[in-house]
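Enquirer: Starting from these lines, generate the structure:
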Amino acid sequence: MLSRVAENLYWMARYLERAENTARLINTTTDVLLDLPRDASFGWDILLKLVGLDEFFEEHYREANESNILHFLIQDERNPSAIVSCIRRARENSRTFREILPKEFWERVNGLHLYVQGLASRAAQNRAQRYEVLNQIVERNQSLAGLLISCMSHDLVYEFIRLGRNIERADMTTRIVDINAAVLLPRKGSSLEPLQERLWMSVLEALSAYQMYRRHVDVHVSGHAVLNYLLLDQHFPRTVCHCLSEIEECLATLPNNTEVMKVTRRAWRRLKGLRWEGLASAVLHEYLDQVQADLGAIHVAVSNQYFYFYMRQKEATPPVRVVNE
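Expert: Coordinates of the predicted model:
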């Protein structure tokens with residue numbers, strides 16, 4: 001397989017996963033804002049920091065209000081991580097290599113592109129219709145992932161798609177979990193407990209994990225239990241631990257994987273070595289930043305080994321793509 005083909009497939013999967021999880025993140029933030037008391041400290045500008053786009057946003061907008069932020073995250077094509085931008089790029093990548101993907105996949109990606117182009121402005125401007133449009137984006141992305149699982153040969157082409165999907169998914173899971181670290185609640189004694197439980201429930205629902213959490217952990221929601229589940233559970237597909245397991249399985253099928261495996265196993269050891277019990281919000285945020293940095297290191301190692309290897313052969317320095325490209 002040509003490195004150019006592998007890279008485009010990898011980024012196609014990342015763009016689709018990023019679009020889906022950005023939609024999940026926006027819907028979750030909306031739920032959180034509706035549940036918070038008036039004297040709690042949290043706003044839409046926090047969302048920009050969670051996805052690492054606050055400085056880029058400030059270059060193009062004067063005011064960080066709800067309208068501007070949602071326009072930026074949903075339909076502003078100057079933002080490469082906007083939902084519209086991600087889906088457009090995923091469509092272009094899949095169009096370039098239509099012959100190695102299922103025919104139905106291209107048709108559905110193209111349909112998703114047309115759907116988003118037609119309704120993105122409605123999602124950005126109309127809060128009443130936002131949930132429906134963003135939820136439809138999530139559902140269509142899930143149908144694309146299911147199509148690849150059931151209707152595509154699980155060869156090297158599929159492995160690079162799976163690799164990109166799981167790196168992006170793990171990264172976005174940490175960002176959705178980080179929402180609660182950004183909320184500063186007023187000190188009101190026992191009245192905080194049900195509010196904190198509702199916030200963590202919103203995080204579980206954003207990742208479609210609430211029912212599985214109740215089944216495998218507890219019917220009651222607590223911050224410590226949710227953190228352990230979403231970061232360390234080995235069975236639920238959207239946890240960081242499960243995504244790292246999928247990444248390692250993908251790498252095991254690829255040639256010349258020694259260096260990338262070292263970076264992946266280093267991320268494994270650090271994730272399992274961190275203690276998540278009783279963390280203050282600031283410390284939790286730092287821990288999640290470290291997990292994101294480890295995922296970024298895996299991305300760089302994959303890029304250097306499989307996408308820019310020809311440049312290393314010429315003793316050139318390979319370009320580095322950040323996780324939030």
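Enquirer: quick one: stretch 122-138 to chain centroid distance?
Expert: Between the centre of stretch 122-138 and the centre of its host chain there is 18 Å, according to CA atoms, centre = their mean, to the nearest Å.
Enquirer: can you pull the buried residues of that stretch?
Expert: For stretch 122-138, the buried set under the neighbour-count rule, 16 or more other CB atoms under 10 Å, comprises 123-124, 130, 133-134, 136-138. Yep, even glycine has a C-beta here, placed from its N, CA and C like the rest.
Enquirer: neighbouring contacts of the helix or strand harbouring I46?
Expert: Using DSSP states H and E, I46 falls within helix 44-50. Contacting residues not belonging to helix 44-50 are listed as 25-26, 29, 33, 54, 57, 64-66, 69-70, 72-73, 175, 178-179, 182 [CB atoms under 8 Å, 6 or more residues apart in numbering].
Enquirer: Centre of the chain to that helix, how far?
Expert: Distance of helix 44-50 from the chain centroid (CA atoms, centre = their mean) equals 15 Å.
Enquirer: May I have the next helix or strand after that helix as CSV, with CA atoms only?
Expert: Toward the C-terminus, helix 44-50 is succeeded by helix 54-60 as the next helix or strand (DSSP H and E). Below are the C-alpha coordinates for helix 54-60, written out as CSV (Å, rounded to 0.1, in the frame of the first residue of the first chain):
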residue,chain,number,x,y,z
ASP,A,54,-9.3,29.0,21.7
GLU,A,55,-6.3,30.9,20.2
PHE,A,56,-7.4,30.1,16.7
PHE,A,57,-10.9,31.3,17.5
GLU,A,58,-9.6,34.6,18.8
GLU,A,59,-7.9,35.2,15.5
HIS,A,60,-11.2,35.3,13.7
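Enquirer: Distance from the chain centre to helix 54-60, please.
Expert: Here helix 54-60 shows a centroid-to-chain-centroid distance of 20 Å under the convention CA atoms, centre = their mean.
Enquirer: Show me what it is packed up against.
Expert: On a contact count with 3 or more CB pairs under 8 Å, 6 or more residues apart in numbering; DSSP states H and E, helix 54-60 meets helix 44-50, helix 66-74.
Enquirer: which one of the ones you listed lies closest to A145?
Expert: The closest of the helices and strands packed on helix 54-60 to A145 is helix 66-74. By CB to CB, the value is 21.0 Å.
Enquirer: can you pull the buried residues of the closest one?
Expert: Using 16+ other CB under 10 Å as the test for burial, helix 66-74 gives 66, 68-74.
Enquirer: got a list of contacts for it?
Expert: Contacts of helix 66-74 with the rest of the structure, by CB under 8 Å, 6+ apart, involve 22, 26, 44-45, 47-48, 51, 53, 57, 60-61, 79, 81-84, 120, 123-125, 130.
Enquirer: now swap in stretch 132-150 and tell me
Expert: 16-17, 19-20, 23-24, 26-27, 83, 87, 101-102, 104-105, 108-109, 111-112, 115-116, 119-120, 122-123, 158, 161, 165.
Enquirer: Filter these down to the buried ones, PyMOL style.
Expert: Buried residues among those (16+ other CB under 10 Å), as a PyMOL selection:
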select buried, resi 16+17+19+20+23+24+26+27+83+87+101+102+105+108+109+112+116+119+120+123+158+161+165
